[in-house]
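> Quick one: sequence plus predicted model below, questions after.
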Amino acid sequence: MLRKLVALMLNFLLLAGIVPGLAGCGSPQQKPAPPPVKIGVSFADQERDGNQAIRKAMEERRRREQVDIRFMDAKNDAQEQEKQVDRLIQEEVKAVVLQLADPAAGPEMVEKLGRAGISVVALENLPENTPLDGYVASDQAAIGEMQVRFVEQALRLAEGEAGPGGRGIPAVGPEVLAQLPPQRPLNVVVLQGDRRDQMAVNITAANLAAMEGNPNFNVVRVREHPRWDPRQVPATLAEVKAAADRIDVVLANDSRLALAAVEFLKAGGLEARVLTVGAGADRESSRAIAAGEHDAEVDVMAEMLGQYAFDAAVGLAEADHWQFDRTVPAGDYNIPAKIIPVRLVAAKNIYLLEQRWGKLEQEGRQGGQEGGQEPGSGGGGGQGGEEQQKEKQQQGGQEKTTLRIQTEDGKTLEVEIDGAVKKIEAVEEGGRQQQQQGGGGGQ
């Protein structure tokens, strides 16, 4: 009876608030969730396909793991990137992934972030003699080696050293073998990016080391392109073409330089005579491989770059450490690093890039056709759904022209005639005409 009276009195006192300290006994109050960790990402140029793939990988992780990411785009402007770094400092981020627009401006920006207590992870390009908390990059030495190996494998396959069907060389197909000229050594042009960018320096050094002492290669030119500007490539190749009797291979430090080379070669009707190999595997270079206009790309695995850059920044922001697998020298410093594996992609295994870019339509070069398609040929099916393509051939001193006609129902007809074409007319029912002028031998 006494116990019941004591229990009733305690309940009365608790309800009246006279003994507030007893109210929480046995039921601890729930603590508020901590705010999400805040990091920044400063891209040199966010419009590049590879950087968009990196951002997409990071955004997927952000949603799953409740991380606050501030994305910045320097638009290849070092001064704009410096302003963005100041903004990230004001926003009190804990770590920054920094892809430098100008590597020469890197040490000052990294020092500014470090003085604010912000960890810095460099992405792809490593500023010289700078103390960084992390470095995430593709295997740049492997990129250069792989580009040369692609050409070496084609040579081995052409000479019958690779076994029947080229087993063990999945990236090299018959369309590549058709391009190899009979002359040795092959004349090689290396299109380097900006020499201030360690990535460009590393890829080019690996190219040259892989070709050194090989009698199959003659490096006729190594040309740097400031700010990785592809608009300078035509001048580079025109200069080489004027000085050398031919160009057989173009190795480019990135996809945009490679595609600029492809466009130059197409303009001269040379794309089917010159092997082109780039690095990056962006959307347009992947399409060019599928279309048979470009030979190979080394895929830098942008999605993995995004994953590991995210891990490094969040790890440093939350716990001041991250899971790196090696260190790389940068002047007076050894930088914790994660180096991402790369892979070679050509027409035979272009499907590897379809998860990133969607279906890539494979057209392929005409098997062994020398000189490729004439510049300006082909037509966008006008009335009647006809597409006319003209090819000039020299046979026994007599110029011949092949007309290839595609109908709307998918049929292809070829007609070979002597001489050049001056005019083509398509006459439909009702007498309407559609014509294509030949001009200068059918060009």
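Here it is on my side, so go on. Numbering: from 1, shown residues only.
> Show me where the stretch 101-250 of the chain has its strands.
Here the stretch 101-250 of the chain has its strands, by DSSP state E, counting those that start in this stretch, at 119-123, 134-138, 186-192, 217-224, 249-252.
> quick one: low-confidence ranges for the stretch 301-443 of the chain?
Applying pLDDT under 70 to the stretch 301-443 of the chain flags residues 361-443.
> ok, 90 please
355, 359-443 (pLDDT under 90).
> For the stretch 151-300 of the chain, which segments count as helices?
Ranges of helices within the stretch 151-300 of the chain are 174-177, 198-211, 233-243, 255-267, 283-290, based on DSSP state H, counting those that start in this stretch.
> Could you check how far the longest one is from the centre of its chain?
Translated: helix 198-211. 17 Å (C-alpha atoms, centre = their mean, to the nearest Å).
> Could you find the closest non-adjacent residue to the residue most central in space within the chain?
The residue lying closest to the centre of the chain (C-alpha atoms, centre = their mean) is residue 280, at 2.4 Å. Excluding its sequence neighbours, the residue lying closest to residue 280 (C-beta to C-beta, 6 or more residues apart in numbering) is residue 255, at 3.8 Å. No exception for glycine: its C-beta is placed from N, CA and C like everyone else's.
> And for the one you found, the neighbour number?
Residue 255 has 27 neighbours, counted by other C-beta atoms under 10 Å.
> Pick the most buried one from the strands of the stretch 101-250 of the chain.
Using mean count of other C-beta atoms under 10 Å, the stretch among the strands of the stretch 101-250 of the chain with the largest mean neighbour count is strand 249-252, at a mean of 30.
> Which strands and helices lie in contact with that strand?
Contacts defined by 3 or more C-beta pairs under 8 Å, 6 or more residues apart in numbering; DSSP states H and E place strand 249-252 against helix 140-158, strand 186-192, helix 255-267, strand 275-279.
> and residue 197, how far is that from residue 122?
Using C-beta to C-beta, to the nearest Å, residue 197 is found at 12 Å from residue 122.
> no, scratch that, I was asking about residue 152
With C-beta to C-beta as the criterion, residue 152 and residue 122 are 32 Å apart.
> do residue 92 as well
Counting by C-beta to C-beta, the gap from residue 92 to residue 122 is 21 Å.
> Identify the residues contacting the residue nearest to the centre of the chain.
49-50, 254-256, 297-300 (C-beta atoms under 8 Å, 6 or more residues apart in numbering).
> For residue 213, grab the count of nearby residues.
The burial count for residue 213: 7, using other C-beta under 10 Å.
> That should have said residue 159, apologies.
10.
> let's number from 28 now, not from 1
Sure thing, new numbering starts at 28, so read that last one as residue 186.
> so who does it touch?
Applying C-beta under 8 Å, 6+ apart, no residues qualify as near residue 186.
> Is the closest residue to residue 98 other than its chain neighbours within a helix or a strand, and which one?
Of all residues not flanking residue 98 in the chain, residue 68 sits nearest, at 5.1 Å (C-beta to C-beta, 6+ apart). Assigned by DSSP states H and E, residue 68 falls within strand 65-70.
> Would you reformat the strands of the stretch 128-277 of the chain as TSV and include distance to residue 373 and mean pLDDT?
Output for the strands of the stretch 128-277 of the chain, formatted as TSV (distance: least, C-beta to C-beta, whole Å; pLDDT from 0 to 100):
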stretch	distance to residue 373	mean pLDDT
strand 146-150	27	98
strand 161-165	18	98
strand 213-219	17	97
strand 244-251	19	97
strand 276-279	14	98
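> pretty sure residue 120 contacts residue 143?
No: look at residue 120 against residue 143 with C-beta atoms under 8 Å: they stay out of range, at 9.2 Å.
> ok, those two, which is more surrounded?
Between residue 120 and residue 143, residue 120 has the larger neighbour count (other C-beta under 10 Å), namely 23 against 15.
> which residues touch that one?
65-67, 97, 145, 344.
> Now it: closest residue in space, sequence neighbours ignored.
Residue 120's closest residue in space is residue 67 (C-beta to C-beta, 6+ apart), at 4.3 Å.
> what does residue 383 give?
In space, residue 383 is closest to residue 80, 6.3 Å off (C-beta to C-beta, 6+ apart).
> Just give the number of residues close to the one you found.
22.
> Which of the three states applies to it?
Assigned with DSSP: H, G, I helix; E, B strand; the rest coil, residue 80 falls in the helix class.
> Which residues are in contact with it?
With C-beta under 8 Å, 6+ apart, residue 80 has these contacts: 329-330, 333, 383.
> measure it to residue 341 for me?
19 Å.
> next one: residue 63
Residue 63 sits 10 Å away from residue 341, going by C-beta to C-beta.
> anything in contact with each of these two?
residue 94.
> Which one, of the strands of the stretch 128-277 of the chain, ends up nearest to residue 228?
Across the strands of the stretch 128-277 of the chain, the minimum distance to residue 228, taken as C-beta to C-beta, is reached by strand 213-219, at 7.9 Å.
> one step back: which strand residues sit across from the residue nearest to residue 98 in the sheet?
residue 98, residue 124 (DSSP bridges).
> Tell me if I'm right that it and residue 122 touch.
No: with contact defined as C-beta under 8 Å, residue 68 does not count as touching residue 122 (9.7 Å).
> Now do the shared contacts for these two.
residue 340.
> follow-up on the earlier one: the strands of the stretch 128-277 of the chain into JSON lines, with extra columns for distance to residue 127?
Listed next are these as JSON lines, based on distance: least, C-beta to C-beta, whole Å:
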{"stretch": "strand 146-150", "distance to residue 127": "7"}
{"stretch": "strand 161-165", "distance to residue 127": "12"}
{"stretch": "strand 213-219", "distance to residue 127": "17"}
{"stretch": "strand 244-251", "distance to residue 127": "17"}
{"stretch": "strand 276-279", "distance to residue 127": "21"}
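> Quick one: closest of those strands to residue 357.
Nearest of these to residue 357, taken as C-beta to C-beta: strand 161-165 at 7.9 Å.
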